[in-house]
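Peer 1: sequence and predicted structure below; questions after.
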Amino acid sequence: DAKTTQPPSMDCAEGRAANLPCNHSTISGNEYVYWYRQIHSQGPQYIIHGLKNNETNEMASLIITEDRKSSTLILPHATLRDTAVYYCIVRVAVGYTDKLIFGTGTRLQVFP
Amino acid sequence: KAGVTQTPRYLIKTRGQQVTLSCSPISGHRSVSWYQQTPGQGLQFLFEYFSETQRNKGNFPGRFSGRQFSNSRSEMNVSTLELGDSALYLCASSSGQDRYNSPLHFGNGTRLTVT
């Protein structure tokens, strides 16, 4: 019951910006969008999250559309170490707590 | 600040046995969640603990259980192991305060192989 849709794979040249799209058309008003990435055999690494405003940190930028039905993760200068599976996740309320529902993610391949 | 630590890193067990996995959260984090990752099902939520209480549970059989101690460390137990339990088990911690706005931070997991 993933609430997000992402392309299965993308390529990006080293040094260029990587723009990873995500659709979350059924998102509710108080649900945040989270981005994680996972390199083989490691746990998911937190990247960034947001509710409705654009966000930026030292790793990436998150652009959320005004209707909140989609978002884009931007890695401004991709490096080979950014090759990973990127998950766009909606944090879903469950009773008085919540859980992350992971989809299948986007496999980003950064090439030299 | 040290990250989430999971032990052991790898484990091999036989069908019918039981196993206990351990997780030490980031210092100060009171919420610990467990996830199972398999190639076929992806990442699936198991349960979450906060201040020694289970707050939420995913759709897994009762063979999967957990607990949290007063120092926020958590253990997960799987009894009567089946071949299908082979997976990467991930633990994640967060402050648990402003829950939607508190990122979960994952450990590198325990790779369980059931033979």
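Peer 2: Structure's in. What do you need?
Peer 1: can you list the strands that the lowest-mean-pLDDT helix or strand in chain A pairs with?
Peer 2: None of the helices or strands of chain A scores lower by mean pLDDT, DSSP states H and E than strand A:97-101, at a mean of 73. Sheet pairing of strand A:97-101 (DSSP bridges) gives strand A:84-94 (antiparallel).
Peer 1: report the buried residues of the partner strand.
Peer 2: For strand A:84-94, a neighbour-count test (16 or more other Cβ atoms under 10 Å in any protein chain shown) marks A:Ala84, A:Val85, A:Tyr86, A:Tyr87, A:Cys88, A:Ile89, A:Val90, A:Arg91, A:Val92 as buried. The C-beta positions use only the backbone N, C-alpha and C, and glycine is treated the same way.
Peer 1: of these, closest to chain B?
Peer 2: Of all the buried residues of strand A:84-94, A:Arg91 has the smallest distance to chain B: 5.5 Å, by Cβ to the nearest Cβ.
Peer 1: how many neighbours does the spatially closest residue to that closest one that is not a sequence neighbour have?
Peer 2: Distances taken as Cβ to Cβ, 6 or more residues apart in numbering or on different chains place A:Tyr32 nearest to A:Arg91, at 4.8 Å, with adjacent residues excluded. Counted by other Cβ atoms under 10 Å in any protein chain shown, the residues lying close to A:Tyr32 total 20.
Peer 1: please enumerate the strands of chain B.
Peer 2: When secondary structure is read from DSSP state E, chain B shows strands at B:5-7, B:10-13, B:19-24, B:31-38, B:42-50, B:53-57, B:64-68, B:74-78, B:87-94, B:105-106, B:110-114.
Peer 1: any chance of these in a markdown table, with mean pLDDT and distance to A:Thr56 too?
Peer 2: Shown next, in a markdown table, are the strands of chain B (pLDDT from 0 to 100; distance: least, Cβ to Cβ, whole Å):
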| stretch | mean pLDDT | distance to A:Thr56 |
| --- | --- | --- |
| strand B:5-7 | 97 | 30 |
| strand B:10-13 | 98 | 38 |
| strand B:19-24 | 98 | 31 |
| strand B:31-38 | 94 | 26 |
| strand B:42-50 | 91 | 26 |
| strand B:53-57 | 89 | 31 |
| strand B:64-68 | 97 | 34 |
| strand B:74-78 | 98 | 33 |
| strand B:87-94 | 96 | 21 |
| strand B:105-106 | 96 | 20 |
| strand B:110-114 | 98 | 34 |
